[in-house]
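Asks: how would this look folded up:
(one chain, ligands or ions: 2)
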Amino acid sequence: MTQSELSALTLHARGKVRDIYAVGDDLLFVASDRISAFDHILPTEIPDKGKVLTQLSLFWFDFLRDVVSNHVITARVEQYPESLRDFAGQLRGRSMLVRRANMFPVECVARGYLSGSGWKEYQRAQSICGIRLPAGLRESGRLPEPIFTPATKSTTGHDINIPFGEMVRLVGRDSAEKLRDLTLRIYSLAAEHARNRGIIIADTKFEFGSVDCNITLADEVLTPDSSRFWPAESYRPGGAQLSYDKQFVRDYLESIHWDKNPPAPALPEEIVHKTREKYIQAFRQLSGKELEI
Ligand SMILES: Nc1ncnc2c1ncn2[C@@H]1O[C@H](COP(=O)(O)OP(=O)(O)OP(=O)(O)O)[C@@H](O)[C@H]1O
Ligand SMILES: [Mg+2]
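Replies: Ligands and ions are numbered 1, 2, ... in the order given. The predicted structure is shown next:
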């Protein structure tokens, strides 16, 4: 799929990985095969990665449907509006038509393990987002219980962790409490499911919006792009963990001593192939289904 092929559609926004089109009052999310590593988009794509991201999100939306409403209208191309039919081939399996939501300006992060910005903050302050934690926790260690650590998006793309009180100021107490409780509930259900299938979801980010005044789970959900997935098999607290999906890419980029400044290097065929297999395996493992290609 190329951008030009879909250029007849009205682009609403373009993220690092996804392109979003306006379709009447609704939005069409299209996940590309772009991949980022160390905060840069690489010039090489991972074939079918966008399908994994889309179909995994759809799996989770359905898995969670009794707990939270979601923004999905349909992912069946046959049900898309007439204006999209010409693009059926490019859209099938990697897109979803969603209700446009009024987004809460907060990223709802749940953490079950100590990693990333959480680990950094813990080392400095023994707390994350103002939540006091026990002393002596190790990097990648499991937290006594999952915690809610909201963040706001900065214009530079890096998220800023905020205390719960700040979230209350941004969205109001009632919504803040509902979003916190929902986030923890959803994370716990998903993490338990994943753990039984050999994947640790160390942390994840949800985005909620309001549709017809109802809190609605939006964006992508519980994918390797919005979460930290670790293979349970090799889990060893006390240091950084192997990444379920990006380990081959990271190892390769480290092996060629890329200084992590642009331009990002291309990936060799073998790394692309192995990485593609990992994404597909993650989908299979978590959903128990075969990816529709
Ligand atoms: N149902 C929805 N209605 C309106 N906006 C939505 C909906 N679901 C998600 N969004 C918003 O759409 C945008 C999706 O953008 P996307 O994630 O592709 O890129 P990004 O967040 O800008 O950057 P990044 O590539 O770093 O994630 C986000 O701003 C998200 O909050
Ligand atoms: Mg995003």
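Asks: Residue 31: neighbour count?
Replies: 26 (other CB atoms under 10 Å). Bear in mind the C-beta positions are built from the backbone N, C-alpha and C, glycine included.
Asks: Chain neighbours aside, what residue packs nearest to it?
Replies: residue 50 (3.5 Å; CB to CB, 6 or more residues apart in numbering).
Asks: wait, doesn't that neighbour sit right on residue 35?
Replies: No. Assessed by CB atoms under 8 Å, residue 50 is found out of contact with residue 35, at 9.9 Å.
Asks: which residues sit in contact with the residue nearest the centre of the chain?
Replies: In the chain, the residue lying closest to the centroid (CA atoms, centre = their mean) is residue 226, at 1.7 Å. Neighbouring residues of residue 226 by CB atoms under 8 Å, 6 or more residues apart in numbering: 204-206, 219-220.
Asks: what's the helix or strand for the residue nearest to residue 31?
Replies: helix 49-63 (DSSP states H and E).
Asks: what residues are up against residue 217?
Replies: 61, 64, 68-71, 182, 186, 206, 208.
Asks: Now rank these by neighbours and give me the top one.
Replies: residue 208 leads those on contacts (other CB under 10 Å) with 26 neighbours.
Asks: quick check: domain ranges of this structure?
Replies: 3-101, 103-263+278-285 (automatic domain parsing).
Asks: secondary structure class for residue 277?
Replies: helix (DSSP: H, G, I helix; E, B strand; the rest coil).
Asks: what's the pLDDT at residue 159?
Replies: Residue 159 carries a pLDDT value of 89.
Asks: what pLDDT does the closest residue to it other than its chain neighbours get?
Replies: Distance criterion CB to CB, 6+ apart; nearest residue to residue 159, sequence neighbours excluded, is residue 151 at 4.0 Å. Listed pLDDT for residue 151 reads 97.
Asks: Tell me the spacing between residue 151 and residue 169.
Replies: 14 Å (CB to CB, to the nearest Å).
Asks: Which one's more surrounded, the two?
Replies: residue 151 (18 against 12).
Asks: Wait, the more buried one touches residue 105, no?
Replies: No. Look at residue 151 against residue 105 with CB under 8 Å: they stay out of range, at 10.6 Å.
Asks: if we can go back for a sec, tell me, which of the contacts of residue 226 make contact with ligand 1?
Replies: Contacts with ligand 1 are made by residue 219 out of the contacts of residue 226, judged by CB under 6 Å from any ligand atom.
Asks: buried ones in stretch 199-206?
Replies: 199-206 (16 or more other CB atoms under 10 Å).
Asks: How about stretch 44-56?
Replies: Buried-residue list, stretch 44-56, by 16+ other CB under 10 Å: 44-46, 48-56.
Asks: so which of the residues you listed comes closest to residue 147?
Replies: Minimum distance to residue 147 across the buried residues of stretch 44-56 is 24.0 Å, recorded for residue 56 (CB to CB).
Asks: ok, the closest one - contacts?
Replies: Residues in contact with residue 56 (CB under 8 Å, 6+ apart) are 222-223, 282-283, 286-287.
Asks: could you pull out the helices for the stretch 101-250 of the chain?
Replies: With DSSP state H, counting those that start in this stretch, the ranges of helices along the stretch 101-250 of the chain come out as 116-125, 164-171, 173-196, 247-255.
Asks: Adding mean pLDDT and distance to residue 270, write these out as JSON lines.
Replies: Output for those, formatted as JSON lines (pLDDT from 0 to 100; distance: least, CB to CB, whole Å):
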{"stretch": "helix 116-125", "mean pLDDT": "96", "distance to residue 270": "28"}
{"stretch": "helix 164-171", "mean pLDDT": "98", "distance to residue 270": "44"}
{"stretch": "helix 173-196", "mean pLDDT": "98", "distance to residue 270": "28"}
{"stretch": "helix 247-255", "mean pLDDT": "97", "distance to residue 270": "9"}
